[in-house]
Every structure is written in structure tokens, then in C-alpha cells.
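Trainee: curious how this folds, go ahead:
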Amino acid sequence: MLHSVDSLEDGPRACILTMGLEAFFLRDKASRDLVPILVRSPTRDGVREVVVASAYFPGDRSCPPQEISDLVSYCEEANLPLLIGCDSNAHHVLWGSAATNRRGGDLVKFMASAGLQVANRGVEPTFFTTGRSSVIDLTLCTRALLPEITGWCVCGEDSMSDHRYITFGLEMGVREPIRFRNPRATNWELYREELAWRLGGLPRKHRTMEEIDEAADRVSSAMMRAFEISCPETEEHRAGRTPWWSSSLERLRRKVRRLFNTARSSSQGADWDLYREVRRQYSTATE
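Mentor: Numbering: from 1, shown residues only. Model prediction:
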């Protein structure tokens, strides 16, 4: 299904094509330049929801446009992870540009306040035209999604456009659990008991190399088996948020974003000074 917003005056500049997905068009958040959908996928624990958006950032408007800020606010309030594929029309060394322009600087400031990460990998240009190339097509996501984006790359296939295809995967369906042993959770008293029992009767003296090798194998096997018994396997549970993240950092991050929006709207020096001061506090708190 093709999701887009068309009007009598202007055609769409963003769209999303879905096939075989349970997806819902967030029409009240959409515009000619922004198409967000809510994707639902079954997991081991129920159903997972992720907002995926296609966006165009016009070069003659603020970067990012207000619609993006509104979408980020919506996802924060609904506690939904967000993934954005966008033509940013912005340059910054953070994503591989040769230089940073004002739009790129504005976008990075917004990303810092909104908790968005750049999922781009490498510095392969995403845009080509006669005599120049650049990296302006970005994949942005909230912090929890970043480790679940796999295989991100600029595709060499001809896209029939100045912009090149970008491909990647997003792990959001049913996943096989990762089983592991955590040495910190070892029951060391049980380990010593098991090891002593398994090494009972082991000769203290060895006369030949064969006897030494046999004893070493027995000790190694006993230690491994004792560890397996005293430290059972457990399943990895992927948390939806970074372990060190806290409610106070979340409040501070939202305050930074609110002050950024205020300063951008007012263009007053005092508002920018307040924003920079709170951003500095946020930066220090997350180091």
C-alpha cells in the first residue's frame, strides 16, 4: 500500500510503500513532506509498535521542519520508538559531509535535544548530480532502535534519481533469545563443592607425560562442568532503553528540546543563552 499526502496544488514529496506489514497511516501527523506510519509486529512478549516516517526537509524552511518536532513530541508522549528516513538538505561532518553548514548545525542541535541518533554508516555519498556529490539522506532513530538497525548501506543499484537507494534491516519481529552465562551470578560455594567432588581421587603425582595430559584434561573438564552447574544459562532480555538512562535525564532532555523550540521561534539572544546553558548541563549529565 502506498501512503502519501496529495493535494490539488502540490504533489507529495514523501511517501512510504508497505507490503505484508500491519501498518496504520498517521494521517493527522502527515503532510506533503512527511509521511508517518505505525508498524505493528508480533514479538515473544506480545506486539511491538514502531513509528516509521519518510520526510523531506525543504531547503527554504527551518531544519528540521516543525512537523518533525511535532512527530517527535507525539512519539515521546505515546512512548513509541521512531525511525525517520529523510532528505535533510543539510551538511554536517557527523554524517560524512566535507563541511558543516548552518542547517546541519541546527539539525544536530535538534537531534541532541530530541534524543535522535544517526544510523548512517560510512561516508558514501547519497546524492549525486553533475559535478558534485554529498551525504544529505539520513536515517534517524530514537536511541532504543539504533542497535536493532542492521546492514545499513548506500546501494549501488541505479535509482533513476539523483538520490541513491539506502537499504537496511530493522529487527522488530520475533527474535531467537540469546542464551548466556553471567560469571557474576555464579554460586561459588556450589562451584567449589562440585569441583572438589569431581576431582576426588585425582592422583597427586604423575610419572609420565601421558598421565600429566590425562590429569590436565580431567581438571579442565571438571572446572567446566562445575561452572555450568553453578552458573546456569539465562536469556538476554533487550531493554527498551539504555541501562544508564534515568527519569531525571529524560526530564532534562525534554527541557532542552523545549528551550530549543522556544529559542528558534523567538530568535531572542536571551532564549538562545538559556537553551545553551541547559544543553551544557544535559551534555555534562550524559558524559
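
Trainee: show me where the stretch 1-150 of the chain has its strands.
Mentor: Here the stretch 1-150 of the chain has its strands, by DSSP state E, counting those that start in this stretch, at 2-4, 15-17, 22-25, 34-43, 46-56, 82-87, 116-118, 127-129, 132-134, 137-142, 149-154.

Trainee: now for those, which one comes closest to Asp271?
Mentor: strand 116-118 (21.8 Å; C-beta to C-beta). Heads up, the C-betas are built off the backbone N, CA and C, glycines and all.

Trainee: list the contacts of the longest helix anywhere in the chain.
Mentor: Using DSSP state H to define each element, the chain has its longest helix at helix 209-230. For helix 209-230, the external contacting residues (C-beta atoms under 8 Å, 6 or more residues apart in numbering) are 181, 186-188, 190-191, 194-195, 198-199, 202-203, 206.

Trainee: just list what the following helix or strand past it packs against, helices and strands only.
Mentor: Downstream of helix 209-230, the next assigned helix or strand under DSSP states H and E is strand 234-235. Applying 3 or more C-beta pairs under 8 Å, 6 or more residues apart in numbering; DSSP states H and E, we find strand 234-235 packed against strand 179-180.

Trainee: pick out the residue closest to the middle of this protein.
Mentor: The centroid of the chain falls nearest to Leu146 when counting by C-alpha atoms, centre = their mean (1.4 Å).

Trainee: any idea how far Gly115 is from it?
Mentor: 11 Å (C-beta to C-beta, to the nearest Å).

Trainee: same question, Gly200
Mentor: On the measure of C-beta to C-beta, Gly200 and Gly115 end up 57 Å apart.

Trainee: cool, and Cys231?
Mentor: 36 Å.

Trainee: who's more crowded, those two?
Mentor: Gly115 (22 against 19; other C-beta atoms under 10 Å).

Trainee: quick one: that one and Arg143 touch, right?
Mentor: Yes: applying C-beta atoms under 8 Å as the test, Gly115 and Arg143 come out as touching, 5.7 Å apart.

Trainee: roughly how far apart are Asn101 and Phe110?
Mentor: Distance from Asn101 to Phe110, by C-beta to C-beta: 15 Å.

Trainee: thank you kindly, that will do.
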